[in-house]
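[1] sequence and predicted model, in that order:
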2 protein chains.
Amino acid sequence: MPKLGMEPVRRRALIGAAVEAIHEHGFCEVTMGQIAARAGVSAGLAHHYFGSKEQLLTATMRHLLSELGAEIVSRLSRAEGPRQRVSAVIAGNFAPGQFRPAVISAWLAFYVQAESLADARRLHGIYARRLRSNLVHDLARLVSRERAFAVADGAAALVDGIWLRQVLRVGEPDAATAIAMVEDYVALQLERGRM
Amino acid sequence: MPKLGMEPVRRRALIGAAVEAIHEHGFCEVTMGQIAARAGVSAGLAHHYFGSKEQLLTATMRHLLSELGAEIVSRLSRAEGPRQRVSAVIAGNFAPGQFRPAVISAWLAFYVQAESLADARRLHGIYARRLRSNLVHDLARLVSRERAFAVADGAAALVDGIWLRQVLRVGEPDAATAIAMVEDYVALQLERGRM
DNA sequence: TTATTGATTGACTGATCAATCAATAAACGG
DNA sequence: CCGTTTATTGATTGATCAGTCAATCAATAA
């Protein structure tokens, strides 16, 4: 059965399987065997393509962050003016493909890992700085630069908090309510800034 | 050297050591041996008193939640009127003994575990409901019941988000800034509610 | 003094799992 | 068709670690 050019197919499948397997078994408990089985291959093949469990997990984290980033960039490109750009960032953070149980579980697990794993920490840092500078840049066109920092930090904390709390909520995530909550916060802050 | 009545001493030491060891080694990587060594005893003794790693970890989580709860209750008892009570809850969530790196790491790790571990999930649920009902009860005296729910959820998400983001921040946690951020959010929401 | 109980350890075991590797087989290139 | 590359597996290894246990020692009680 061996077809050629399977590498990208397997890599994608394994990364997707890793997200699901982390959700099902928990980050600490999940094994290469479980991930590989979910992707429909042997554990040996997972090692063949990724070298080690840590590298597969790091690739998975990189994938999640880049997908989330892409959602935001795509919405930013359609936004007009700073206020819409802020909304684009907020909505991007709750994009349907991202704000779902398995992704939320994996994302949180990587947050925890980022503390002890240098690679994970670096990736998180890059992503967080980019998000923040995007927000600050646009907010600074609406309020003072000083307040823009405060509002960006507040909005970012609120977004992360909503993701975090979704981990323990039962039932499907409600992106609309989440977005409304953050939009409300930003609107209130901007109103005051204009007074 | 065996003295009598060591059980409570050892239990406390092991729970404290678990928090520190999780912070140092990471939740997934930490072993009973490392925790026991930090507490100055053998791994065998840790099993003797707690039965299993899972039970020691669950006891640690219970301890963290109850300490945080105690900080809030203590501030609530000194508060007068609903507005002060809301502030008491906020300040309690950033009490100096709790809002520090090792505790934050462990707390977040337990959050992740709560997804797959029934015991951890139950504990978290109890704590979260209590916190929420406390907030809603007092907020409902300041704004409509409906808005009280929204503000309580927003404030709780903000608190959790600030804790979460502290995991990756370098340097000592800044409780004062954190409290100011949540107080600002609540103040803004209450102002609107009164309009 | 002599049992009894509680505290404690270090050695042991059994299971798990990441990582390696040799073997196999299909596709392809000449 | 024959050699090379790519894909894939299953068996194996080596390390780690949770959990158990017998043995030891001190304090207390009878």
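    Yep, it's here. Numbering: from 1, shown residues only, chains lettered A, B, ... in the order given.
[2] next secondary structure element downstream of whichever strand or helix holds A:Asp160?
    Following DSSP states H and E, one finds A:Asp160 within helix A:145-166. Sequence-wise, the next helix or strand downstream of helix A:145-166 (DSSP H and E) is helix A:175-194.
[3] that next one to helix B:175-194, inter-axis angle?
    90 degrees (axes from the mean of the first three to the mean of the last three C-alpha atoms, to 10 degrees).
[4] residues contacting A:Gln189?
    By C-beta atoms under 8 Å, 6 or more residues apart in numbering or on different chains, A:Gln189 lies in contact with A:143, A:147, A:150-151, A:154, B:188. Just so you know, the C-beta spots here come from the backbone N, C-alpha and C atoms, and that holds for glycine as well.
[5] let's see it at 7 Å
    Taking C-beta atoms under 7 Å, 6 or more residues apart in numbering or on different chains, we find A:Gln189 in contact with A:151, A:154.
[6] same question, A:Arg132
    By C-beta under 7 Å, 6+ apart, the neighbours of A:Arg132 are A:152, A:156.
[7] need the pLDDT of it.
    A:Arg132 is assigned a pLDDT of 96 by the prediction.
[8] assign A:Ala95 to helix, strand or coil.
    The assignment at A:Ala95 comes out as coil when based on DSSP: H, G, I helix; E, B strand; the rest coil.
[9] measure how buried it is and give me the count.
    As a burial measure, A:Ala95 scores 18 neighbours (other C-beta atoms under 10 Å in any protein chain shown).
[10] got it, and A:Ala43?
    Close neighbours of A:Ala43, defined as other C-beta under 10 Å, add up to 15.
[11] do the same with A:Arg145
    So A:Arg145, with other C-beta under 10 Å, has 11 neighbours.
[12] for it, give its distance to DNA strand D.
    48 Å (C-beta to the nearest atom of the strand, to the nearest Å).
[13] quick check: closest non-adjacent residue to that residue.
    Spatially, and ignoring its direct neighbours in sequence, A:Arg145 is nearest to A:Val136 (7.8 Å; C-beta to C-beta, 6 or more residues apart in numbering or on different chains).
[14] from what I can see the one you found touches A:Gly154, true?
    No: the criterion here is C-beta atoms under 7 Å, and A:Val136 misses it with A:Gly154 at 11.8 Å.
[15] which other helices and strands contact the helix or strand hosting A:Ile22?
    Assigned by DSSP H and E, A:Ile22 belongs to helix A:7-25. Here helix A:7-25 touches helix A:32-38, helix A:43-50, helix A:53-78, helix A:101-116, going by 3 or more C-beta pairs under 7 Å, 6 or more residues apart in numbering or on different chains; DSSP states H and E.
[16] quickly check: the first one near DNA strand C or not.
    Read it as helix A:32-38. Yes: using C-beta under 7 Å from any atom of the strand as the criterion, contacts between helix A:32-38 and DNA strand C involve A:32-33.
[17] got the buried residues for that helix?
    A:32, A:34-36, A:38 (16 or more other C-beta atoms under 10 Å in any protein chain shown).
[18] can I see the domain layout of chain A?
    According to automatic domain parsing, chain A comprises the domains A:1-51, A:61-194.
[19] picking that back up, let's have the buried residues of helix A:32-38 in a markdown table, adding pLDDT.
    Below are the buried residues of helix A:32-38 laid out as a markdown table (pLDDT from 0 to 100):
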| residue | pLDDT |
| --- | --- |
| A:Met32 | 98 |
| A:Gln34 | 98 |
| A:Ile35 | 98 |
| A:Ala36 | 98 |
| A:Arg38 | 98 |
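[20] in chain A, which residue sits nearest DNA strand D?
    Among the residues of chain A, A:Gly44 lies nearest to DNA strand D; the distance is 2.7 Å by C-beta to the nearest atom of the strand.
[21] before we move on, the earlier item: switch the domains of chain A over to TSV; also include distance to B:Gly51.
    Below are these laid out as TSV (distance: least, C-beta to C-beta, whole Å):
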stretch	distance to B:Gly51
domain A:1-51	19
domain A:61-194	25
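[22] minimum distance to B:Trp163: which of those domains has it?
    Smallest distance to B:Trp163 across the domains of chain A (C-beta to C-beta): 8.3 Å, for domain A:61-194.
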